[in-house]
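J.: Any chance you could fold what I've pasted below:
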Amino acid sequence: MKSTVVGSFPVEESSPSNFKEKLFNSFGLYDPFKEAIRSSVIAQLDAGVDIISDGQVRGDMVSIFTKYIPGMKIEDGNTVIVSKIVNPIQEISINDLLYAKKVMKEYYNGNIPEGKGIKGIITGPNTIVHSSRIQFFYKNKEDAIIDLAHSLKFEVDAIARRVHPAYIQIDEPFLSTGMVDMKVAKEAIDIIREGLDVPLAMHVCGILSDAFKDITKFNVDILDFEFAGNNVNMGVLENNASLLADKKLGFGCVDSSVNEVDDIEDIENLVKKAIEIVGKDNLILDPDCGLRRAPKDVAFKKLQLMNQIKDKYS
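T.: Reported below is the predicted structural model:
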């Protein structure tokens, strides 16, 4: 049994503090988020997380991608689709992932242990399009979703080729809402998956009662759901566990909707139940969702308690 994070971690932007940084800042070269990435990585590792993220420190899950994709623009903090969606103008998350992996390697004195690693995280095409407003070109969301899947495929392939992650995660929270055409959604994930030589995960938060059976048919290796802050999904899992026979389960056992430290007995009881249902070898423990909104000390303690339970049952 391993552990991971869904993605985001509390962010603290830094300011130039020495001559070199101030000089870089004067030329627009200073990165106020670099220290946040380092801090996020070290916090995850100190807490015992096996598969870390870069902390997703640069913004919300939609705009961090759409600002680099032609056909989409940001207006008043929201994404608007204004023309045909084409390939990104540059690699989007690669530099942050490479830096996070460098910090991880330094943490382990040059050799990342077997079973530890980093994952790339992409906001899925269904969620991005359903979070955006279509102004021009597309008559329906479904065509935009397919074009965006082809666009995001370039980023996914770049992560696999350059970062060599433990796996890549696609965030698709909209799949549980009933607003998405599941046939189109599955086609979009198939586009992203094609030719990929690293495992693919998909994170879907929300109540799964009406969507679970459809989601289990997606061509991914890991499905990640929330269970700590949701009193419905455990029953859904228990009644449909056989549908996950060929997949691992990312098991949200820490409540990311509450900015206070979870009760360790609550975490343990959830994990014990999950082990009974799918077996510990098929589990990857993580929080329900990202931890960006929590105070940093609370986020760290949540991860620490989760890993205490992981170590107890591994």
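
J.: Please make it C-alpha for all contacts and neighbour counts, starting now.
T.: Noted.

J.: which residues in the stretch 1-150 of the chain form strands?
T.: With DSSP state E, counting those that start in this stretch as the criterion, the stretch 1-150 of the chain has strands at 2-3, 51-52, 72-75, 78-81, 117-123, 133-134.

J.: May I see these organised as a markdown table, with mean neighbour count and distance to N140 added?
T.: As requested, the strands of the stretch 1-150 of the chain are exported to a markdown table (neighbours: other Cα atoms under 10 Å; distance: least, Cα to Cα, whole Å):
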| stretch | mean neighbour count | distance to N140 |
| --- | --- | --- |
| strand 2-3 | 22 | 39 |
| strand 51-52 | 25 | 36 |
| strand 72-75 | 16 | 15 |
| strand 78-81 | 19 | 11 |
| strand 117-123 | 24 | 20 |
| strand 133-134 | 17 | 8 |
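
J.: in the stretch 201-314 of the chain, which spans are helices?
T.: Assignment of helices within the stretch 201-314 of the chain using DSSP state H, counting those that start in this stretch yields the ranges 212-215, 233-240, 264-278, 296-313.

J.: As TSV, the ones you listed with mean neighbour count, distance to S3 and mean pLDDT would be great.
T.: Listed next are the helices of the stretch 201-314 of the chain as TSV, based on neighbours: other Cα atoms under 10 Å; distance: least, Cα to Cα, whole Å; pLDDT from 0 to 100:
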stretch	mean neighbour count	distance to S3	mean pLDDT
helix 212-215	17	22	96
helix 233-240	16	19	95
helix 264-278	16	12	96
helix 296-313	19	7	96
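
J.: Please tell me how far G110 sits from L45.
T.: According to Cα to Cα, to the nearest Å, G110 stands 15 Å off from L45.

J.: In terms of packing, which of the two has more residues around it?
T.: A count of neighbours by other Cα atoms under 10 Å puts L45 above the other of G110 and L45, at 20 against 11.

J.: and that one, what does it touch?
T.: I52, M104 (Cα atoms under 8 Å, 6 or more residues apart in numbering).

J.: tell me which helix or strand of this protein sits lowest on mean pLDDT?
T.: Using mean pLDDT, DSSP states H and E, helix 19-26 stands out as the lowest-scoring helix or strand of the chain, at a mean of 53.

J.: do you know which of the strands of the stretch 1-150 of the chain lies nearest K280?
T.: Proximity to K280 (Cα to Cα) singles out strand 2-3 among those, at 9.1 Å.

J.: Rounded mean pLDDT for that closest one, please.
T.: Computed over strand 2-3, the mean pLDDT rounds to 96.

J.: One more: stretch 222-232?
T.: 95.

J.: Show me what counts as buried in that stretch.
T.: I222, L223, D224, F225, E226, F227, A228, G229, N230 (16 or more other Cα atoms under 10 Å).

J.: wait, isn't the fourth one in contact with A201?
T.: No. In this structure, F225 sits apart from A201 without contact. The criterion is Cα atoms under 8 Å, and the distance is 10.8 Å.

J.: where do the helices sit along the stretch 1-150 of the chain?
T.: 19-26, 34-47, 63-66, 94-107, 125-130, 141-162.

J.: Buried deepest among those helices, which one?
T.: helix 125-130 (a mean of 24; mean count of other Cα atoms under 10 Å).

J.: Quick one: distance of that helix to the chain centre.
T.: In terms of Cα atoms, centre = their mean, to the nearest Å, the centre of helix 125-130 is found 15 Å from the chain centre.

J.: helices or strands next to that helix in the packing?
T.: Identification of packing neighbours for helix 125-130 by 3 or more Cα pairs under 8 Å, 6 or more residues apart in numbering; DSSP states H and E yields helix 141-162, helix 182-193.

J.: Need these in JSON lines (columns: mean pLDDT and distance to K272).
T.: Formatted as JSON lines, these follow (pLDDT from 0 to 100; distance: least, Cα to Cα, whole Å):
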{"stretch": "helix 141-162", "mean pLDDT": "97", "distance to K272": "33"}
{"stretch": "helix 182-193", "mean pLDDT": "97", "distance to K272": "31"}
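
J.: Columns distance to I64 on top of the ones you listed, output as JSON lines?
T.: As requested, those are arranged in JSON lines below (distance: least, Cα to Cα, whole Å):
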{"stretch": "helix 141-162", "distance to I64": "12"}
{"stretch": "helix 182-193", "distance to I64": "18"}
